[in-house]
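Undergrad: Let's see this in three dimensions:
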Amino acid sequence: MLVAVKVCVGKSGTKHEAQVNVAWSRPNGGPLNAFDDFLVHTRLERNDVAKDQAHVGLTYLINSKSGGQQEANGKWYDSPLTGGWTADVTIDDDLDNDGKGEFVWNLPGSHEVSLDGVE
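TA: Okay, the predicted model is just below:
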């Protein structure tokens, strides 16, 4: 099982969003029920202060398909401020029948973005 995660900040007008894309594949086959749990936690931050959080469960989707991708985005957060926006993600997973319980991935956040100029 291979899992890849892409993290970035989306912007539309004055709205900002933590955007996370999770892609998975089983290049050597393997059972479909790979996870007992696969939960994506996203945070939209400005200057390291959380502005929005979201929690998206992907266990069923990943376990039901041999490969694919899914967005696990946060909600749009409205702010006219520019600069200092980042997205962070944490993934909680529990591999099926490995006896080790839950594992937490604290992934590095996105690069800081200023889409409307510098403050």
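Undergrad: From residue 29, how far off is the residue nearest in space to the middle of the chain?
TA: In the chain, the residue lying closest to the centroid (CA atoms, centre = their mean) is residue 20, at 3.8 Å. Separation of residue 20 from residue 29 (CB to CB, to the nearest Å): 27 Å. All C-beta atoms are positioned from the backbone trio N, CA, C, and that covers glycine.
Undergrad: same check, this time on residue 41
TA: On the measure of CB to CB, residue 41 and residue 29 end up 30 Å apart.
Undergrad: okay, the two: which has more neighbours?
TA: Higher neighbour count among residue 41 and residue 29: residue 41, with 19 against 7, using other CB atoms under 10 Å.
Undergrad: Quickly find the element holding the more buried one.
TA: Assigned by DSSP states H and E, residue 41 belongs to strand 35-46.
Undergrad: which residues of this protein score low on pLDDT?
TA: 113-119 (pLDDT under 70).
Undergrad: now the helices for it?
TA: 59-64 (DSSP state H).
Undergrad: Residue 72: neighbour count?
TA: Counted with other CB under 10 Å, residue 72 comes out at 23.
Undergrad: if I pick it, what's in contact with it?
TA: Residue 72 makes contacts with 20-22, 40, 42, 54, 56, 58, 89, as judged by CB atoms under 8 Å, 6 or more residues apart in numbering.
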